[in-house]
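make a model of this:
(one chain, ligands or ions: 1)
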Amino acid sequence: MTTPLHDILVRRIRAEGPMPVAEYMGLCLGHPEHGYYVTRDPLGRGGDFTTAPEISQMFGEMIGLWLAQAWIDRGSPGAFTLAEFGPGRGTLMADALRAAARVPGFVEAAELWLVETSPALRRKQWEALGAHEPRWADAVDDLPEEGPLLVVANEFFDALPIRQFVVSDGALCERMVGLRGEALVLGLSPPVSGAALPEGAEEGAVYETSPQSRTIAGALGARLSAQGGVVLAIDYGHAEPRASGDTLQAVRGHAYADPLDAPGEADLTAHVDFLALAKAAEREGATVWGVRGQGPLLDWLGIRLRAAMLEKAQPDRAEEIRAALARLTEPDAMGTLFKALALSGDDIPPPGFAEDLGA
Ligand code: SAH
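Numbering: from 1, shown residues only. I've put the predicted structure just below:
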């Protein structure tokens, strides 16, 4: 489908040659005029996809309890930075702050920062969170350097560009977006010079890396070790060293689409490589507490009890609440594919990460 961004990409590729998948993904999502996140609020029923906080208030509430407990465990500091990366509509943080307001002192001590590049979503976040006087930042570097940092990111890292490398004729080549006539097509770069083939690499295997994700995880790790605090990153992806696989995915109108079709009009994401994030943060001095399944972590935080309370208060919504609970926690829904990674700047285990939750 021809979109305004499609025409811009065609002109650029014609002038400059094929571009790496990462550059394509970055432009599709973040082009200053036609980028997917720049031009719209993609969440919810009328949008292209739904996320955990949009499924049920219970998700943000459990995250709020997690944050409040992590704050208490660090001696309830009188002032700290509470930052969310990629806050979408602000739903998660609104639910989290409402739940955490039961913990005396937490909300008062928090200075709220939202790391968000999309002007359209910044407006939505203001509507949801204006009462908390949030400030906005473009990147880690803009966050305050004083005081502990408590960070949450849900479905943020999966939206950051990935590079893809393909084994072709025994050499590693980068996957590029090029042209056939007016159509965008995938192709390969010449062999990347100096790149060693991964062990056991088979012809056609695809390897992915997300340099931007690693940079952000590293910067957060450095901040944690300098300022103290915790990071909870929840996303879909893998936590085992994985040989290979093409995980670039396009979603439009709640259905899978071709990533090259309708650039700027579809959401593009890729599986998050949690080990790569953990390594980048650890290298900068943060403590890595590993990865837990979203289902087991929400269970540990008491989501079942919360669902029962909500059902009792609103019996006419019981079915909806039960369905949301299942969707967020069941292994065949979001319970296993979605995972949480916790980091800290100290040796105090973040809530739910001291023990093995069995997933
Ligand atoms: N956390 C929300 C939204 C997830 S969608 C939820 O769970 O519902 C991804 C979010 O990340 C959007 O808010 C998007 O605008 C933001 N985002 C994407 N790339 C970004 C970047 N490079 N810097 C900051 N925010 C970004």
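
name the nearest residue to the spatially most central residue of the chain, ignoring sequence neighbours.
By C-alpha atoms, centre = their mean, the chain has its centre lying nearest to residue 156, at 2.1 Å. Distances taken as C-beta to C-beta, 6 or more residues apart in numbering place residue 86 nearest to residue 156, at 3.3 Å, with adjacent residues excluded. C-betas here are computed from N, CA, C, even on glycine.

and the one you found, what does it touch?
Contact analysis of residue 86 by C-beta atoms under 8 Å, 6 or more residues apart in numbering lists 115-116, 153-156, 159.

just the buried ones among these, please.
Listed as buried from these are 115-116, 153-156, 159; burial here means 16 or more other C-beta atoms under 10 Å.

ok, and which of the residues you listed reach the ligand?
When C-beta under 6 Å from any ligand atom is applied, the members of those adjacent to the ligand are 115-116, 154-156, 159.

so the closest residue to residue 85 other than its chain neighbours is in which element?
In space, residue 85 comes closest to residue 153 once its chain neighbours are excluded; the distance is 3.8 Å by C-beta to C-beta, 6+ apart. Assigned by DSSP states H and E, residue 153 belongs to strand 149-154.

quick one: residues in contact with that strand.
Contacts with strand 149-154, where a contact means C-beta under 8 Å, 6+ apart, come from 51-53, 63, 67, 70-71, 80-86, 88, 92-93, 96, 110, 143, 220, 223-224, 227-235, 345.

now do that strand: distance to the chain's middle.
Taking C-alpha atoms, centre = their mean, to the nearest Å, one finds strand 149-154 lying 10 Å from the centre of the chain it belongs to.

now it: mean pLDDT?
For strand 149-154, mean pLDDT rounds to 98.

shaky segments in the stretch 101-250 of the chain?
Within the stretch 101-250 of the chain, the segments meeting pLDDT under 70 span 243.

my bad, the stretch 251-359 of the chain
358-359.

what segments of it are strands?
Secondary structure of the stretch 251-359 of the chain by DSSP state E, counting those that start in this stretch: the strands cover 255-257, 267-269, 272-273, 287-293, 338-344.

redo those as JSON lines? Include distance to residue 357 and mean neighbour count.
Putting those into JSON lines (distance: least, C-beta to C-beta, whole Å; neighbours: other C-beta atoms under 10 Å) gives the following:
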{"stretch": "strand 255-257", "distance to residue 357": "31", "mean neighbour count": "13"}
{"stretch": "strand 267-269", "distance to residue 357": "25", "mean neighbour count": "23"}
{"stretch": "strand 272-273", "distance to residue 357": "19", "mean neighbour count": "26"}
{"stretch": "strand 287-293", "distance to residue 357": "5", "mean neighbour count": "21"}
{"stretch": "strand 338-344", "distance to residue 357": "10", "mean neighbour count": "25"}
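
can you pull the contacts of residue 22?
Counted by C-beta under 8 Å, 6+ apart, residue 22 has contacts 161-163, 210-212.

would you verify that it is located in a helix?
Yes - Residue 22 forms part of a helix when assessed by DSSP: H, G, I helix; E, B strand; the rest coil.

if I look at it, how far off is residue 323?
37 Å (C-beta to C-beta, to the nearest Å).

just residue 61 next, same as before
17 Å.

okay, the two: which has more neighbours?
Per other C-beta atoms under 10 Å, whichever of residue 61 and residue 323 has more neighbours is residue 61, with 23 against 13.

so which bits of the chain are right by the ligand?
37, 43, 51, 53-54, 86-88, 92, 115-118, 121, 154-156, 159.

how does it look with 8 Å?
Residues of the chain found near the ligand (C-beta under 8 Å from any ligand atom) are 29-30, 37, 42-43, 51-54, 84-89, 91-92, 115-118, 121, 138-139, 153-156, 158-160, 212, 267.

among those residues, which lie within strands?
Under the assignment DSSP state E, these contribute 84-85, 115, 153-154, 267 to strands.

and which of those is nearest residue 349?
residue 153 (19.4 Å; C-beta to C-beta).

in the protein, what residue spans correspond to helices?
Listed in chain order, the helices found in the chain under DSSP state H are 4-16, 21-30, 36-39, 52-55, 57-73, 91-100, 106-109, 119-129, 211-227, 274-283, 294-301, 303-313, 318-329.

which of the ones next to the ligand among the buried ones among the contacts of residue 86 sits closest to residue 316?
Nearest member of these to residue 316, counting by C-beta to C-beta, is residue 154, at 28.5 Å.

the closest one and residue 176: what is the separation?
In terms of C-beta to C-beta, residue 154 sits 31 Å off from residue 176.

same check, this time on residue 254
29 Å.

likewise residue 333?
For residue 333, the distance to residue 176 - C-beta to C-beta - is 35 Å.

quick check: residue 253 touching residue 46?
No - the criterion here is C-beta atoms under 8 Å, and residue 253 misses it with residue 46 at 9.6 Å.

tell me which residues touch the closest residue to the ligand within the stretch 251-359 of the chain, please.
Using C-beta to the nearest ligand atom, the single residue of the stretch 251-359 of the chain nearest to the ligand is residue 267, 8.0 Å away. Neighbouring residues of residue 267 by C-beta under 8 Å, 6+ apart: 29, 36, 42, 48-49, 159, 250-252.

would you mind measuring the gap between the ends of stretch 18-37?
Stretch 18-37 has an end-to-end distance of 23 Å (criterion: C-alpha to C-alpha, to the nearest Å).

burial count for whichever residue of the stretch 201-350 of the chain sits closest to the ligand?
Closest to the ligand within the stretch 201-350 of the chain is residue 212: 6.9 Å, counting by C-beta to the nearest ligand atom. Residue 212 has 17 neighbouring residues, counting by other C-beta under 10 Å.
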